[in-house]
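Undergrad: one predicted model, sequence on top.
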Number of protein chains: 2
Amino acid sequence: MKNIAILGLGVVGRGTADLLEANKALIAERVGEPVNIKYILDLRDFPGTPYEKKVVHDFSVIENDPEVELVAETMGGSHPAYDYSLAALKAGKCVVTSNKEVVANFGEELLAAAKENGVSYAFEASVGGGIPIVRPLVTDFIANKIVEISGILNGTTNYILTEMKTKGKSYADALKEAQAKGYAEKDPTADVEGIDTCRKICILTALATGILPEAAKVRTIGISKIDGADVKLLEKKKYAVKLLGRMKMQDGKPCPIVAPFVCGADSPLSHVDDVFNGITVCGNTLGQTMFYGRGAGADPTASAVANDILSILKDGKTSFAPTFNKAADGDVIASENFVCRRYVRTNMAMSEVEKVLGKVVDLGGAYITEKAFAEGEFDALAGMFDSALRVL
Amino acid sequence: MKNIAILGLGVVGRGTADLLEANKALIAERVGEPVNIKYILDLRDFPGTPYEKKVVHDFSVIENDPEVELVAETMGGSHPAYDYSLAALKAGKCVVTSNKEVVANFGEELLAAAKENGVSYAFEASVGGGIPIVRPLVTDFIANKIVEISGILNGTTNYILTEMKTKGKSYADALKEAQAKGYAEKDPTADVEGIDTCRKICILTALATGILPEAAKVRTIGISKIDGADVKLLEKKKYAVKLLGRMKMQDGKPCPIVAPFVCGADSPLSHVDDVFNGITVCGNTLGQTMFYGRGAGADPTASAVANDILSILKDGKTSFAPTFNKAADGDVIASENFVCRRYVRTNMAMSEVEKVLGKVVDLGGAYITEKAFAEGEFDALAGMFDSALRVL
């Protein structure tokens, strides 16, 4: 029997516990022996539930029990999630998490601590919910140099943008709708301003390159300033506006950015709608591939947590071992150098627009440049137009 | 230094050799030591190429060289590919292949031989070209019961169907175009009649369930009888016709089928166009996920072969070890029981159609049923209509 502990019985923790219970027989068969949740750490007591007798309020009970091989951290927030994770790793226990904040901020330290103590620190659930993306980036691109990653990494903002596109709603109305449906929080800042997406593209960049960018230094533009007029005009021409976390290799180094991008119908990302996530990964030999699925929700996220738990119990304590190095000076190309084509909406004549931006494609009241501009270069020009967006 | 041999320097074999050369430094770093192609088995000599000195014409040279740890079989066809693979496994060498015919026909024997001899038999390149799908099915769904797989698994037929949809071409004209571009072979039977797709859905079924269906027993309907009139009518209503290999769990057992299906705009498969492949996998907890990318071509396929080679050299001789069991009586639900909704085109009045099929959705001259029919049940009705298709 393999004993584990779950830290935090919120939506994801509860989903994980329920899944381990529901698929118990299948899991015992696949792992080779039964998996038992010995402890659940939470402030609450959950009387009358099957978890009542497993609840503890003191982390040291888990830390000091040599029978616990693995700890699933599903608490959220930086502290004490980071502190408990580090303590568990130092006690020789594997740690699995859904906590992107901790992975983005402390991934280097925790992966190093895992390696030092002969255990794994795994975080499939931290990006893309149920979509397998973290392990595939480590195991399925071993023959490739990854040259680009572009992802719709946040279901809340994708739902809002889909409502704006398909129903012509304003940003404010679409946000209200998302809040009413429980897709957006009362304070939606972390989602709509791109902070969540930024953490995730930092994690994906580290998986692809070994270099973990500092989230605070990545140019991060959310969706709250998007004008419905642009979404409508673009929709008629079969373009979709999507909030993307992107990483492009430029001069051999990763250049990350988070911003709304205009995606053409030929990009698979333009068809990823509602609360779904989609992540394209481009390898130097295999070309473009996309991973698609439910990016959030109790069941998909719990599925990813459980997958990490079972993989480690089955394949061994050290089976997941990437290395993250926090970006030092010069490791990462600053977002200001990110290069892409541009969309602008304006009443200026096309000939005037072309004097400023070079050759453009006419969308009728709006234009897409043929030339790609660096962020810094375009910043100085953006004010000339009624609105401007990046193009994938 | 790790020594390997390549059997067959055709498109995929050459692509693999070129990739190992091009990414040499990266590969040595990731594997931990350099990877050397010691032998290439081919009937030809390749004078003047970098591979000239490695060519051998006698398989026993490779079989009997203890320095060769791994053999990449990229010959195609059942024999001697199967025989050499078995001999290599028995000689204690890992085998990696792109050969779906061999995996679909002899997967059980070869995986068993691998296990007996303490080595791996891996075949990422046999399905979905460069798309990581074989390993993810084994490693990333460990906490889920897979309840359904639906895949656009053949680039040639998807190119033809895309030309019919977007340019209104007839099947015959689209096929000619595909042949002119090198996407379809002179004798396109294996592609257009669904034989290639059938092998691939059998392999995916075995990865998901352990049961390898017998390809010859799977109902396999190609695209050669598709009427352009249906494709056009459906396109106006935002439906796409796609050749799918499908496997649904019915009564706890897999039920496979290969046929053209009508896919609505809300299915991610409907947007997979041209030579791309897309595979949706539905898990009981994580819901639907899709894997998308280039399903054929030298580079993507070579990338998948190389990924298997490097994963095994890095993770160990026994690191890839699924088990296939050839379907015995009752293991697989016969395709005749596959249940799905139907599309029919007819001049009959809607009320007449509904007398036969129950409630239908009116597409204008064509209808989609609300009820799902088993194959056997619908077979008796199909002749009443001008044409009929399955609905995803």
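TA: Okay, I see it.

Undergrad: who's in contact with residue A:143?
TA: A:285, B:19, B:20, B:23, B:27, B:303, B:306, B:307, B:309, B:310 (C-beta atoms under 8 Å, 6 or more residues apart in numbering or on different chains). In short, each C-beta sits where N, CA and C put it, glycine included.

Undergrad: check residue A:392 too.
TA: Residue A:392 neighbours (C-beta under 8 Å, 6+ apart): A:150, A:242, A:244, A:261, A:262, A:263, A:264, A:267, A:269, A:340.

Undergrad: if we can go back for a sec, which one of the contacts of residue A:143 sits closest to residue B:353?
TA: Nearest to residue B:353, judged by C-beta to C-beta, of these is residue B:303 at 48.2 Å.

Undergrad: once you drop chain neighbours, what's closest to that closest one?
TA: residue A:286 (3.7 Å; C-beta to C-beta, 6 or more residues apart in numbering or on different chains).

Undergrad: surely that neighbour touches residue B:296?
TA: No. With contact defined as C-beta atoms under 8 Å, residue A:286 does not reach residue B:296; the gap is 11.7 Å.

Undergrad: who's more crowded, the two?
TA: residue A:286 (29 against 22; other C-beta atoms under 10 Å in any protein chain shown).

Undergrad: all helices for the stretch 51-200 of chain A, in order.
TA: Listed in chain order, the helices of the stretch 51-200 of chain A (DSSP state H, counting those that start in this stretch) span A:59-63, A:81-90, A:100-116, A:134-139, A:155-167, A:171-180, A:189-192, A:195-209.

Undergrad: next, the contact list for the residue lying closest to residue A:55 once chain neighbours are set aside, please.
TA: Spatial nearest neighbour of residue A:55, chain neighbours left out: residue A:40 (5.2 Å); criterion: C-beta to C-beta, 6+ apart. Taking C-beta under 8 Å, 6+ apart, we find residue A:40 in contact with A:5, A:6, A:9, A:13, A:17, A:46, A:51, A:54, A:55, A:56.

Undergrad: list only buried entries from those.
TA: A:5, A:6, A:9, A:13, A:17, A:51, A:54, A:55 (16 or more other C-beta atoms under 10 Å in any protein chain shown).

Undergrad: now, which of these sits nearest residue A:389?
TA: residue A:13 (38.6 Å).

Undergrad: now the closest one: which helix or strand?
TA: helix A:11-22 (DSSP states H and E).

Undergrad: helix A:11-22 and the helix or strand just after that helix, what's the angle between them?
TA: Later in the chain than helix A:11-22, the nearest helix or strand by DSSP H and E is helix A:24-31. Between the axes of helix A:24-31 and helix A:11-22, defined by axes from the mean of the first three to the mean of the last three C-alpha atoms, to 10 degrees, the angle is 90 degrees.

Undergrad: near chain B, which residues of the stretch 101-250 of chain A show up?
TA: A:124, A:129-132, A:135-136, A:139-145 (C-beta under 8 Å from any C-beta of the partner chain).

Undergrad: in ChimeraX, how would I select the buried members of the contacts of residue A:392?
TA: Only the buried entries of the contacts of residue A:392 go into this ChimeraX selection, using 16+ other C-beta under 10 Å:
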select /A:150,242,244,261,262,263,267,269,340
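
Undergrad: gap between residue A:209 and residue A:147?
TA: Separation of residue A:209 from residue A:147 (C-beta to C-beta, to the nearest Å) stands at 10 Å.

Undergrad: hmm, I typed the wrong one, I wanted residue A:304.
TA: Relative to residue A:147, and taking C-beta to C-beta, residue A:304 is found at 26 Å.

Undergrad: which one of those two is surrounded by more residues?
TA: residue A:304 (32 against 17).

Undergrad: give me the mean pLDDT for the helix or strand that one falls within.
TA: Assigned by DSSP H and E, residue A:304 belongs to helix A:298-315. Averaged across helix A:298-315, the pLDDT comes to 95.

Undergrad: quick one: it to helix A:11-22, angle?
TA: 60 degrees.

Undergrad: what's the angle from helix A:298-315 to helix A:155-167?
TA: Going by the same axes, to 10 degrees, helix A:298-315 makes 140 degrees with helix A:155-167.

Undergrad: what do residue A:209 and residue A:147 both touch?
TA: Counting by C-beta under 8 Å, 6+ apart, the contacts common to residue A:209 and residue A:147 are residue A:249.

Undergrad: ranges for the strands of the stretch 201-350 of chain A?
TA: Ranges of strands in the stretch 201-350 of chain A, per DSSP state E, counting those that start in this stretch, are A:211-212, A:240-250, A:253-263, A:276-283, A:287-294, A:325-326, A:339-345.

Undergrad: the fifth one vs helix B:298-315, what angle?
TA: Between the axis of strand A:287-294 and that of helix B:298-315 there is an angle of 70 degrees, by the same axes, to 10 degrees.

Undergrad: counting contacts, what elements does strand A:287-294 pack onto?
TA: In terms of contacts (3 or more C-beta pairs under 8 Å, 6 or more residues apart in numbering or on different chains; DSSP states H and E), strand A:287-294 is packed against strand A:276-283, strand B:287-294.

Undergrad: what would those strands look like in TSV with mean neighbour count and mean pLDDT?
TA: Output for those, formatted as TSV (neighbours: other C-beta atoms under 10 Å in any protein chain shown; pLDDT from 0 to 100):
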stretch	mean neighbour count	mean pLDDT
strand A:276-283	25	97
strand B:287-294	24	95
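
Undergrad: dump the ones you listed into CSV; add distance to residue B:387 as well.
TA: Shown next, in CSV, are the helices and strands packed on strand A:287-294 (distance: least, C-beta to C-beta, whole Å):
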stretch, distance to residue B:387
strand A:276-283, 32
strand B:287-294, 28
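
Undergrad: domain ranges for chain A, per the record?
TA: Using automatic domain parsing, the domain parsing of chain A gives A:2-135+A:297-324, A:338-392.

Undergrad: distance between the shortest one and the chain's centre?
TA: The offset between the C-alpha centroid of domain A:338-392 and the centroid of the whole chain comes to 29 Å, using C-alpha atoms, centre = their mean, to the nearest Å.

Undergrad: gap between the two ends of it?
TA: 12 Å (C-alpha to C-alpha, to the nearest Å).

Undergrad: then stretch A:4-18?
TA: End-to-end span of stretch A:4-18 (C-alpha to C-alpha): 14 Å.

Undergrad: give me the contacts around it.
TA: By C-beta under 8 Å, 6+ apart, stretch A:4-18 touches A:35-42, A:44, A:46, A:51, A:55, A:59, A:62, A:68-76, A:81, A:84, A:98, A:125, A:298-299, A:301-302, A:305-306, A:309, A:313.
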